[in-house]
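> What shape does this take:
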Amino acid sequence: MNRRILNLAIPNIISSISVPLIGIVDMALMGRMPSADYIGGVALGSLILNFIYWGFGFLRFGTSGFTSQALGRRDLEGSFHVLIRAVAIGLISGVILIVIQGPISWAGFRILNGEPHVERLAETYFRIKIWAAPASLIQFAMFGWFIGMQNSKIPMTVAVTANIVNVLFSLLFVAILKMDIRGVALGYVIGQYTGLALVIFFYIRYYSKLGRYWNLFESLNKSKMGEFMSMNKDIFIRTMCLIFVFSFFTAVSASSDVKTNGQETMLAVNSILMQFFMFFSFVIDGFAQAAEALAGRFIGASDNLKLKRLIRLSFYWGLGCSLLFTLTYLVAGENIFRLLTNNVNIIANAKPYFYWISIIPIVSFAAFLWDGIYIGATAGKAMRNSMLISTIVIFFPAYYLLHRYIGNHGLWFAFTLFMISRTITLWVMAPAAIFRKLKD
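Numbers count the residues shown, from 1 in each chain. You can find the predicted model right below:
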């Protein structure tokens, strides 16, 4: 079982870890601009885009869960129809996002209410990157399908290649052509369409025989589409809660609620520190995605013993991973931070918050792993309920009770409690949402 977990987890980790590297490179490039406004521009622009893309995360999560269960039942035709449903939704949604980018931009920046110059930079960043929406959403769908088919190597190859292209073009546009924030945005667009071309190529090369099951009416069957959307509705609500937490975190960092030598400085500090968390999250997500794919397959095959063993071993791997990150951040956190910016003021203001980043891996790893297991089990309602409790009952009350007394530490403390709550609620709900399936 350990080998099966690692065979899926390692490619997932490699592909996932390349995603925050883009954010790190963007921050590093903008961190060497004359003003901290450029870091703020990337942070605010990314916030709106993350709101959009995370909202469509169900295209990957739902697709993976349904596909892996179909594979467990040896229903290749069913798995093919799942892919067609997801790709159709991704393509249509991507085109719509480009068409309505104006209203999205207007509403997003009115809500965030950042500094005018930061907002102008963020809007430029957003208006360029939104053109990658169709490519990104189709990749969400196809990555989820590949993972559900127990193939993590194709998403890894595509993601790594696309992200290398992204980084190289960003470096070219910013460092050589002096395009500042426009350069990192355009590099992303080129990388995403490179990824789309590759993912289509690999599907044709390895899975084109499934085309014999082509039946558009069956793929878009009302009852099947309803089942797909019902699961995805719960994942969407869960994801919206997560987005609200991260959006609120960034908005507070950009507002006068958190004052440390100017709001632009605090936005930059929290944005860079959050990259530490994101880097960990994408690594632990590799194990979560392995658990997701295998859990779905074992549930589809009604293999209860293997499902129980998978859950136990996944938590062993997750604990080891989180301890490694905690130790690394404790020992080398400041040195890593200095790689992302040479701004003396930002570095000085970030030092009091390093310990929050050090403890978050330990308190959050189980939440990621439970998410993967719940997705594989298509237990969307329990995931939704856990996130609603953690967001409404824990995060927001904790922030409003503490921020007036301990400022930015209150924000980080509320975020830490949010992750702990996710772990506890998912654990408590597991007997009904997951283990009941073991008895069926």
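> And for Trp370, nearest residue in space, chain neighbours not counted?
Closest residue in space to Trp370, ignoring its immediate chain neighbours: Leu426 at 3.8 Å, by Cβ to Cβ, 6 or more residues apart in numbering. C-beta here means a position set from N, CA and C on the backbone, and glycine is covered the same way.
> and that neighbour, which of the three is it?
At Leu426 the chain is in helix, as set by DSSP: H, G, I helix; E, B strand; the rest coil.
> my read: it touches Tyr374, true?
Yes: in this structure Leu426 lies within contact range of Tyr374 using Cβ atoms under 8 Å: 6.8 Å.
> shared neighbours of these two, which are they?
Counting by Cβ atoms under 8 Å, 6 or more residues apart in numbering, the residues touching both Leu426 and Tyr374 are 382-383.
> between these two, which one's more packed in?
Taking neighbours as other Cβ atoms under 10 Å, Leu426 and Tyr374 compare with Tyr374 leading, 30 against 26.
> Apart from its neighbours in sequence, what residue is nearest the more buried one?
Excluding the flanking residues, the one nearest Tyr374 by Cβ to Cβ, 6+ apart is Met383, at 4.8 Å.
> other SSEs contacting the helix or strand hosting the one you found?
Using DSSP states H and E, Met383 sits in helix 380-388. Under the contact definition 3 or more Cβ pairs under 8 Å, 6 or more residues apart in numbering; DSSP states H and E, helix 380-388 sits against helix 222-253, helix 354-376, helix 408-430.
> So what touches it?
Contacts for helix 380-388 (Cβ under 8 Å, 6+ apart): 62, 230-235, 237-238, 241-242, 371, 374-375, 422, 425-426, 429, 432-433.
> got the angle between it and helix 222-253?
Inter-element angle recorded for helix 380-388 and helix 222-253: 10 degrees (by axes from the mean of the first three to the mean of the last three Cα atoms, to 10 degrees).
> List the buried residues in helix 380-388.
By neighbour count on 16 or more other Cβ atoms under 10 Å, the buried set for helix 380-388 is 380-387.
> of those, closest to Leu307?
Distance to Leu307 across those (Cβ to Cβ) is lowest for Ala382, with 16.0 Å.
> What's the local residue count around Ile48?
24.
> How many residues are close by the closest residue to Thr250 other than its chain neighbours?
Distance criterion Cβ to Cβ, 6+ apart; nearest residue to Thr250, sequence neighbours excluded, is Leu47 at 4.9 Å. Look at Leu47: counted by other Cβ under 10 Å, it has 23 neighbours.
> residue ranges with poor pLDDT in the stretch 151-300 of the chain?
Applying pLDDT under 70 to the stretch 151-300 of the chain flags residues 222-223, 255-264.
> how does it look with 80?
Where the stretch 151-300 of the chain drops to pLDDT under 80, the residues are 175, 178, 215-232, 247, 250-251, 254-268.
> residue boundaries of the helices in it?
Counting by DSSP state H, counting those that start in this stretch, the stretch 151-300 of the chain has helices at residues 153-171, 180-207, 216-219, 222-253, 263-300.
> buried stuff in the longest one?
Buried residues in helix 263-300, counting neighbours by 16+ other Cβ under 10 Å, are found at 263-277, 279-300.
> just to revisit the earlier point, which helices and strands sit right next to the next helix-or-strand element following the helix holding Met383?
As assigned by DSSP H and E, the chain's next helix or strand after helix 380-388 is helix 396-406. When contacts are defined as 3+ Cβ pairs under 8 Å, 6+ apart, helix 396-406 sits against helix 222-253, helix 408-430.
> so what does the first one touch, helix or strand wise?
If I follow you right, that is helix 222-253. Helix 222-253 is packed against helix 37-55, helix 58-72, helix 76-99, helix 101-112, helix 263-300, helix 380-388, helix 396-406, helix 408-430, with contacts defined by 3+ Cβ pairs under 8 Å, 6+ apart.
> Any idea which of those helices gets closest to Ile181?
Ile181 lies closest to helix 37-55 among the helices and strands packed on helix 222-253, at 5.4 Å (Cβ to Cβ).
> Does anything pack onto that closest one? Which helices or strands?
Using 3+ Cβ pairs under 8 Å, 6+ apart, helix 37-55 sits against helix 2-30, helix 101-112, helix 116-129, helix 133-148, helix 180-207, helix 222-253, helix 263-300.
> can you redo these as CSV with distance to Ala414?
Below are the helices and strands packed on helix 37-55 laid out as CSV (distance: least, Cβ to Cβ, whole Å):
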stretch, distance to Ala414
helix 2-30, 22
helix 101-112, 19
helix 116-129, 24
helix 133-148, 29
helix 180-207, 30
helix 222-253, 9
helix 263-300, 13
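> closest to Asn349 out of these?
The nearest among those, by Cβ to Cβ, is helix 263-300 at 5.1 Å.
> Check the offset of the closest one from the chain's centre.
6 Å (Cα atoms, centre = their mean, to the nearest Å).
> circling back to that earlier point, now the helices of the stretch 151-300 of the chain in JSON lines, with distance to Pro116?
Below are the helices of the stretch 151-300 of the chain laid out as JSON lines (distance: least, Cβ to Cβ, whole Å):
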{"stretch": "helix 153-171", "distance to Pro116": "25"}
{"stretch": "helix 180-207", "distance to Pro116": "15"}
{"stretch": "helix 216-219", "distance to Pro116": "47"}
{"stretch": "helix 222-253", "distance to Pro116": "16"}
{"stretch": "helix 263-300", "distance to Pro116": "12"}
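> Quick one: closest of these to Asn2.
Nearest of the helices of the stretch 151-300 of the chain (Cβ to Cβ): helix 263-300, 10.6 Å.
> Give the next helix or strand downstream of that closest one.
Using DSSP H and E, the helix or strand that follows helix 263-300 in sequence is helix 304-340.
> Show me what secondary structure element comes after that next one.
Proceeding N to C from helix 304-340, the next assigned helix or strand is helix 344-350, under DSSP H and E.
> show me the residues around Glu55 that make contact.
If you look again at residue 55, you'll see it is Gly, not Glu. Applying Cβ under 8 Å, 6+ apart, we find Gly55 in contact with 236, 239-240, 243.
> Name the member of the residues you listed that has the highest neighbour count.
Thr239 (22 neighbours).
> Write the PyMOL selection for whichever of the contacts of helix 380-388 are buried.
To isolate the buried ones among these in PyMOL, judged by 16+ other Cβ under 10 Å, type:
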select buried, resi 62+231+232+234+235+237+238+241+242+371+374+375+422+425+426+429+433
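> Setting aside sequence neighbours, what's the nearest residue to Ala9?
Leaving aside its sequence neighbours, Ala9 sits nearest to Ala290 (Cβ to Cβ, 6+ apart; 4.0 Å).
> can you pull the contacts of Met240?
Gly55.
> Please convert the helices and strands packed on helix 222-253 to TSV, extending it with distance to Asn215.
Below are the helices and strands packed on helix 222-253 laid out as TSV (distance: least, Cβ to Cβ, whole Å):
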stretch	distance to Asn215
helix 37-55	29
helix 58-72	15
helix 76-99	8
helix 101-112	34
helix 263-300	21
helix 380-388	26
helix 396-406	47
helix 408-430	37
